[in-house]
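>>> sequence plus the predicted model coming up.
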Amino acid sequence: MKRAGKLSKKRAQKAGEPPGYLSYSDVKKKEKVKSSYIDYDKDNYTEKEIENIAESFKFKETDTTTWINIEGLSDIDIITKLSSEYDIHPLVQEDIFHAHQRPKIEEYENFLYIVANMLKYNEVKEEIESEQISLVLGDGFVITFQEKPGDVFDPIRQRLKNKNGKIRNMKADYLAYALIDVLVDNYFIILEKISDRIDDIEELVKDPSEEILHSLYDLKNEMIFLRRSVWPLREVVNKLQKDDNEFMGQTVKIYLRDVYDHTIQVIETVETLRDVLGSMLDIYMSSISNKMNEVMKVLTIIATIFIPLTFIAGIYGMNFEYMPELSLTNGYFIVLIVMLIIALYMIYFFKKKKWL
Amino acid sequence: MKRAGKLSKKRAQKAGEPPGYLSYSDVKKKEKVKSSYIDYDKDNYTEKEIENIAESFKFKETDTTTWINIEGLSDIDIITKLSSEYDIHPLVQEDIFHAHQRPKIEEYENFLYIVANMLKYNEVKEEIESEQISLVLGDGFVITFQEKPGDVFDPIRQRLKNKNGKIRNMKADYLAYALIDVLVDNYFIILEKISDRIDDIEELVKDPSEEILHSLYDLKNEMIFLRRSVWPLREVVNKLQKDDNEFMGQTVKIYLRDVYDHTIQVIETVETLRDVLGSMLDIYMSSISNKMNEVMKVLTIIATIFIPLTFIAGIYGMNFEYMPELSLTNGYFIVLIVMLIIALYMIYFFKKKKWL
Amino acid sequence: MKRAGKLSKKRAQKAGEPPGYLSYSDVKKKEKVKSSYIDYDKDNYTEKEIENIAESFKFKETDTTTWINIEGLSDIDIITKLSSEYDIHPLVQEDIFHAHQRPKIEEYENFLYIVANMLKYNEVKEEIESEQISLVLGDGFVITFQEKPGDVFDPIRQRLKNKNGKIRNMKADYLAYALIDVLVDNYFIILEKISDRIDDIEELVKDPSEEILHSLYDLKNEMIFLRRSVWPLREVVNKLQKDDNEFMGQTVKIYLRDVYDHTIQVIETVETLRDVLGSMLDIYMSSISNKMNEVMKVLTIIATIFIPLTFIAGIYGMNFEYMPELSLTNGYFIVLIVMLIIALYMIYFFKKKKWL
Amino acid sequence: MKRAGKLSKKRAQKAGEPPGYLSYSDVKKKEKVKSSYIDYDKDNYTEKEIENIAESFKFKETDTTTWINIEGLSDIDIITKLSSEYDIHPLVQEDIFHAHQRPKIEEYENFLYIVANMLKYNEVKEEIESEQISLVLGDGFVITFQEKPGDVFDPIRQRLKNKNGKIRNMKADYLAYALIDVLVDNYFIILEKISDRIDDIEELVKDPSEEILHSLYDLKNEMIFLRRSVWPLREVVNKLQKDDNEFMGQTVKIYLRDVYDHTIQVIETVETLRDVLGSMLDIYMSSISNKMNEVMKVLTIIATIFIPLTFIAGIYGMNFEYMPELSLTNGYFIVLIVMLIIALYMIYFFKKKKWL
Amino acid sequence: MKRAGKLSKKRAQKAGEPPGYLSYSDVKKKEKVKSSYIDYDKDNYTEKEIENIAESFKFKETDTTTWINIEGLSDIDIITKLSSEYDIHPLVQEDIFHAHQRPKIEEYENFLYIVANMLKYNEVKEEIESEQISLVLGDGFVITFQEKPGDVFDPIRQRLKNKNGKIRNMKADYLAYALIDVLVDNYFIILEKISDRIDDIEELVKDPSEEILHSLYDLKNEMIFLRRSVWPLREVVNKLQKDDNEFMGQTVKIYLRDVYDHTIQVIETVETLRDVLGSMLDIYMSSISNKMNEVMKVLTIIATIFIPLTFIAGIYGMNFEYMPELSLTNGYFIVLIVMLIIALYMIYFFKKKKWL
């Protein structure tokens, strides 16, 4: 997994720099940044990929709702221009730019700033991929910043195109709610994948092997990192729903209560799965002990039966000149019978001890 | 058990859909939905199985209390019609429809919405079955939605038929209380079953085996899932009892305090049983170690006594031409005596170490 | 111990019954119920065993303090008559009747209702016995209900007889305090018994055996159940001391602060003993591992020394026609010396590894 | 250690006695009680060992500060006389008398009552000794009660003698602060001793032995008991510093904030040491497993190489009349070479498995 | 590591001394103390190494911001003079002087006193080094006291030299913020180092060895000590940001919110790494058990196959005069075939048990 190393890198590189400082050194290579806007109201709908970020500024003063979506953080120009147009605080710019923030919500005079994690399950690598989403909600606009191209917002785009959809009748706050809602719903998809893997392992855990141990370990760590994402998100949604602010309308808050319930459900599921994984590790350890016990019993039974018999055979294999038993006609058979009796007694002993 | 996989499926399928959206795709096959109503006041009592849901609407404006009970969620029509008649919020409709919500209470302008889990012990499969109950309590009516036919409410139905019963003299809030009370009381039945199984295993745990381990594991997971049901239920009952709302009268709140005590008792019992199961797993592990220790001792005793003796026998089994001891008349007996002394010393050594 | 099964039985049988319902089916057999009253003020003292419960009603209107004590719950008549005379709420009657409530305090208009557990140490069975005490404190009277005859209140009875005792100068609230105080003080006696048993085991735990393991397990479970009794009791005493109510005077509250300190001390002692037991289980497990390690070392030393030597002896026990060493005059002695060297090297090896 | 048994004895003996009751039966034998007083203000200083407790009463009405120190609790007279002179509540007298209270603070009308534990490290027995200190702080006087002669207050006595010391310029509240401060500072000495012992063991834990296990166990239990002392003490100091009361002046409260910081530091150190001890126990267990693994490998290597070889030797030691290999001229050497090859292969196998 | 012993030494030596007492005995040897000041406002910038501490007092009354930095605590004179000039409370002087305080913030009339830990990673010793920073923030000045020369503040010094930097336009509160910010940012560097070491070990943990165990143990303890530093720091930053005080301006508080977020992120990372280390220890233990299981299987397979065969060979190595099988022509071959069959059966048996 090698996740631990990712926890703090970005921040560590910035130690000592002034707040709000965006340096080009942060940008490894200037990847293509994909930006687009969707502008809509009840009757109109415009969607366009943006070449020059200034194109999107024309909607600022209109009554329509504008959603500007930036996929990729390597173009500082775009962030700077957007920020100066929409008057975004330097600390927020810094947070947008330096991913790996924890989910949080900050209220500024002219906008709400929300950070959350977008989780996607990479089917090929069988891994959870996490990406920071920064959402700026102002009066009449929502701006989203993503780390990489590709997101989970397509259902929202579909619903926006539908002229009769509820979302077209609502303002920017409802759009922000819808985006957060779909983020949280994706957590359920991730949890379903993990639950399925846990169910798969549950079948196998009675027959312990190194691979299962490592699967358990990977799952446990994934839960640790998932937990890290969802706990603060709950606080974010709670604040959105509870605190008075001018950006979230009362009607949308009822819907946010629903999202809040979902974040709690996600957290409880994460905790439950952690508990289940804990139980599985316990049973795994117990199974190993059981197996070893069984191995030991086989060894002990075989050794305990045959070592004494071999000793007896060894006795009569000695080459002393005078060993009276050797010349007895039935000596050989008597010894064989004695051996048989010893063996039977041992088997009886093991039966009594319930080792057989 | 394969319970982990059930935790988040329903919700995962809905990711990206608008709130309050009921899709037919959720309905696997249109099972027969059984609905009925009971309408009563002090003097009158009507009970009827409903063919057409509209039959039940006639009681809406009367002073009587009406209990509409829907068993099965596959008929969207019923839910939609009921909702429009009783003015139920789309988010509530969605929650009713998509089971696996966590227990919660939500207050709307014209009704209280309560979600809880109904637990039944399936004697055949030896499993706890869980089903979501949605309860809508309004002025003069209670509507309950169940996932599947069959419930634990028969004692309430009996009490309703009894003209002198307290329940006939009370309003819809008392009916809601009675339904929740019987749900919580059923948790005690489940806990009793589990306690009995724990007591059964306690007898066996001193003699550890794979089956006991898996029983312990199953019980532990059942406690994890039970816990998940009861913790939020406590909050629900607490809110019902504490919060001011127009649907719960002051007289009924005294009874709810009693239900609240019971939910706490359920939670404490669950926690206690978890602790007991934890202790049992500890003793199980220790017992395995004890057994292995015993096995090892037997092996060590046998091997340690006979391996040196076999070596001595091996010495005198060598075919060297010149081995002076071989030609001694008493050589054989001397060796046997030496062997005996060694064996006795070993036994003394083991006694001293308390291995025998 | 088989305690788990007792946790929820009573309540489970009642599922679905109306609140406040006392059924004869709860009564297994009509045991003799022993009731008595003590009526006192500064100057007068009357103590009497009651034949007919109505005898005790005459004190209701007097200024004296009356303590009615009912030992045994099998006579519903007594409870019903007392309840109607003293106007006790049906829910309280139900709680008195159905033992295994958790400790709680409930305030009603005309009385305080307190539930606590009376613990007694049964010296014969070496077991803690628990019994529910229901205490009804009203204006000028205290009514106590016990599950079985026999209690820990004799010191109170002695103090009541003493004309100059403080208790004779005080009202019913002080009597209630004194009863609760003696209940809590008895917890210390139980804890002392358990501490003594823990100290006994501490001596033995270095030499692990199955019996010690089971003693540890029993003690651990006893702590689990004890904890269940004392945590809610603390809340009860705290409420008694803090909440404003007309039944507890200000002077008595200072004494209750003392009882509250004692409940906290009981809880801390229980938690401390749990921690100590946890440490003991750890040391027990480590001791088993240590022992097994020792056993393994003995086996390994013996086997590692003698198996190679036996192999060498086996070599020269082969019957090949041409084995040049066999005809050497000193062959036998050379082999013996080689064996000795190997054995000494092995012993040196084990010394270096600190196995010897 | 046998500490568990001491936790609740005193209290258990008192069950059922009236509150505030001091009985001679509590006093095992009438040891000599050492009492002394120090009376001082800016200009005067008197120190005297007391023969008759009444000597100290003369300072009651003066403006000076008086510190009366009683070492030993066996003389009930002294406590009673002091109590009646200074009007000390019976419950406080009882608490002073019956040691093993948990640290607490209680405010009465005319004084503050503080209970704390004085810890001393007995270098001879290598044990922490704990003793209850009761401190009564009133207007112009401090009375301290100790269980046994000998305390940690000598530095305070030195500072009191110094005419220019701050303490001489302050009132009784500063004296109380100074006494508590020195008590808390002594906890650091205890923690230093324990830390040193932990560091000593850390060196040894890689080479596990029974003694280390028992040292770990003793240290763990000492931490459990230390924790029990310091947690409530923190609350005591916090209340002293925060609550409004007439006995603690505002100037002294700044100093108490410092003591409060120290109690928190003690608690955090205790918790840290507990965590470290937990880690050490983990590593100890792992080391045992590692050692056993190593032992097993040696056994397995030796057994696995020689058992098959011994079997081959056994084959050619059989006495069948017709065994063609025996008469081969090079038979013996061929067999030896085969044995060598098998042994080398085994060694190669173990190298590959990294057991060698 | 031997960290435990450092936890409480300094404090222990001070037991019984008056508060605010600075003794020369605390100073082991009078190391050179390096002090310097930086005085700046928008237009001017002076930086100077100080010979005589009084040099820095001239800026006290100017409008500029002065940062006095003392590296080394061995010169009591400097601390005393500074304190009297800037009117620093004796308790603060004592805390500056006696390092190993826990991070805290204290408000005095004329300044804020902040204690934090400066962590540096010593690349040579591969160890975290911790040093106490005391920061006194007053009106127009910041004084920092470090235990040893060398710090992490160079980026701040650079930014101060830059005339256009934001820091030059701000007051002392912003300087204090910047210093704390860089301290917290350095925690991320430490966490990155630790994360890298954890990732390195993760690769190796599947192949358990003593060294890995000790690395795990060291890392675990480092987390314990790191945790001890960051938890109280969070409270310090929170108080700085939340509490009203005259030393922190409203503009700077927005930046402190950012630092607060970082402290929370540090704490969560520490907790996450602790969880990961816990998982690794679990997997380490399981891996050891797995390995031992494998070793046992090899031993058991070899022993179980060859011990019975050796016994058979032993039988026919006996020297009885009359053993009919020995004279059979094919006796030898029959026995060999029987042995082969037994061996094959054993192998089949092990295959069935999945040991091969």
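Yep, it's here.

>>> where does chain A have low pLDDT?
A:1-14, A:20-31 (pLDDT under 70).

>>> which strand or helix spans the residue in it that chain D sits nearest to?
Closest residue of chain A to chain D, Cβ to the nearest Cβ: A:Gly317 (6.9 Å). Bear in mind the C-beta positions are built from the backbone N, C-alpha and C, glycine included. A:Gly317 belongs to no helix or strand when assigned by DSSP states H and E.

>>> give the contact list for it.
The contact partners of A:Gly317, taken as Cβ atoms under 8 Å, 6 or more residues apart in numbering or on different chains, are B:313, B:317, C:317, D:317, E:314, E:317-319.

>>> for these, which one is nearest D:Glu109?
B:Ala313 (93.2 Å; Cβ to Cβ).

>>> pretty sure the closest one sits in a strand.
No: going by DSSP: H, G, I helix; E, B strand; the rest coil, the assignment for B:Ala313 is helix, not a strand.

>>> columns distance to E:Pro208 on top of the contacts of A:Gly317, output as CSV?
Shown next, in CSV, are these (distance: Cβ to Cβ, whole Å):
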residue, distance to E:Pro208
B:Ala313, 41
B:Gly317, 43
C:Gly317, 42
D:Gly317, 42
E:Gly314, 40
E:Gly317, 43
E:Met318, 47
E:Asn319, 50
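
>>> nearest to C:Ser279, of those residues?
Once Cβ to Cβ is applied, the member of the contacts of A:Gly317 that ends up nearest C:Ser279 is B:Ala313, at 49.8 Å.

>>> what's the burial count for the closest residue in space to that closest one that isn't next to it in sequence?
Counting by Cβ to Cβ, 6 or more residues apart in numbering or on different chains, A:Gly314 is the residue found nearest to B:Ala313 once chain neighbours are left out, at 3.2 Å. When neighbours are defined as other Cβ atoms under 10 Å in any protein chain shown, A:Gly314 has 30 of them.

>>> what of A:Arg234?
Neighbour tally, A:Arg234, other Cβ under 10 Å: 18.

>>> rewinding a little: so what's the backbone phi/psi at the residue of chain A closest to chain D?
phi -90, psi 0 (degrees, to the nearest 10).

>>> ok so A:Gly35 is a strand residue?
Not Gly; residue A:35 is Ser. Yes: with three-state DSSP as the criterion, A:Ser35 is part of a strand.

>>> my read: it touches A:Ser74, true?
No: the criterion here is Cβ atoms under 8 Å, and A:Ser35 misses it with A:Ser74 at 11.9 Å.

>>> looking at these two, which has the bigger crowd around it?
Neighbours per residue (other Cβ under 10 Å) separate A:Ser35 from A:Ser74, with A:Ser35 holding more: 22 against 17.

>>> okay, and the beta partners of that one?
A:Ile50, A:Ile70 (DSSP bridges).

>>> tell me where the stretch 1-150 of chain A has helices.
For the stretch 1-150 of chain A, applying DSSP state H, counting those that start in this stretch gives helices covering A:9-13, A:76-86, A:90-97.

>>> pick the most buried one from these.
With neighbours taken as mean count of other Cβ atoms under 10 Å in any protein chain shown, the helices of the stretch 1-150 of chain A reach their highest mean count in helix A:90-97, at a mean of 20.

>>> closest to A:Thr80 out of the contacts of A:Gly317?
Here the nearest of the contacts of A:Gly317 to A:Thr80, counting by Cβ to Cβ, is E:Gly314; it sits at 89.9 Å.

>>> check contacts around whatever residue of the stretch 101-250 of chain A ends up closest to chain C.
For the stretch 101-250 of chain A and chain C, the shortest gap (Cβ to the nearest Cβ) falls at A:Pro208, measuring 19.6 Å. Residues near A:Pro208 by Cβ under 8 Å, 6+ apart: A:284, A:287-288, A:291, E:290.

>>> before we move on, what about A:Ala99?
A:10, A:73, A:131-132, A:147.

>>> neighbour-wise, which of those residues leads?
A:Leu73 (23 neighbours).

>>> circling back: so of the contacts of A:Pro208, which ones are in strands?
Taking DSSP state E, every one of those sits outside strands.

>>> as JSON lines, those residues with neighbour count would be great.
Formatted as JSON lines, the contacts of A:Pro208 follow (neighbours: other Cβ atoms under 10 Å in any protein chain shown):
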{"residue": "A:Tyr284", "neighbour count": "23"}
{"residue": "A:Ser287", "neighbour count": "19"}
{"residue": "A:Ile288", "neighbour count": "21"}
{"residue": "A:Lys291", "neighbour count": "22"}
{"residue": "E:Asn290", "neighbour count": "21"}
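
>>> please name the residues that touch the spatially closest residue to A:Lys206 that is not a sequence neighbour.
Distance criterion Cβ to Cβ, 6+ apart; nearest residue to A:Lys206, sequence neighbours excluded, is A:Ser287 at 5.9 Å. By Cβ under 8 Å, 6+ apart, the contact set of A:Ser287 is A:205-208, B:210, B:213.

>>> just the buried residues of these.
The neighbour-count test (16 or more other Cβ atoms under 10 Å in any protein chain shown) marks A:205-206, A:208, B:213 as buried among the contacts of A:Ser287.

>>> count the neighbours of the closest residue to A:Thr300 other than its chain neighbours for me.
Among residues not flanking A:Thr300 along the chain, B:Leu299 sits closest, at 4.1 Å (Cβ to Cβ, 6+ apart). Neighbourhood size, B:Leu299 [other Cβ under 10 Å]: 22.

>>> would you agree B:Leu299 is in contact with C:Leu299?
Yes: taking Cβ under 8 Å as the definition, B:Leu299 is a contact partner of C:Leu299 at 6.8 Å.

>>> in three-state terms, label the closest residue in space to A:Ile105 that isn't next to it in sequence for me.
Once flanking residues are discounted, A:Ile105 sits nearest to A:Val236: 4.6 Å by Cβ to Cβ, 6+ apart. Recorded secondary structure, A:Val236: helix (three-state DSSP).

>>> for A:Val236, which residues are in contact?
Here A:Val236 is in contact with A:103-105, A:114-116 (Cβ under 8 Å, 6+ apart).

>>> please determine how far the residue in chain A that chain E sits nearest to is located from E:Phe188.
Nearest residue of chain A to chain E: A:Gly16, at 2.7 Å (Cβ to the nearest Cβ). For A:Gly16, the distance to E:Phe188 (Cβ to Cβ, to the nearest Å) stands at 11 Å.

>>> between those two, which one's more packed in?
E:Phe188 (23 against 18).

>>> mind listing what's buried in the helix or strand containing the more buried one?
Secondary structure assignment for E:Phe188, by DSSP H and E: helix E:172-204. Neighbour counts over helix E:172-204 (16+ other Cβ under 10 Å) mark E:172-195, E:197-199, E:201-202 as buried.

>>> ok, which of those also contact chain B?
Checking those against chain B by Cβ under 8 Å from any Cβ of the partner chain, not one of them is in range.

>>> show me what whichever strand or helix holds A:Gln158 is in contact with.
If you go by DSSP H and E, A:Gln158 is part of helix A:154-161. Residues outside helix A:154-161 that contact it (Cβ under 8 Å, 6+ apart) are A:38, A:40, A:45, A:47, A:67, A:165, A:167-168, A:175, A:178-179, A:182, B:15-18.
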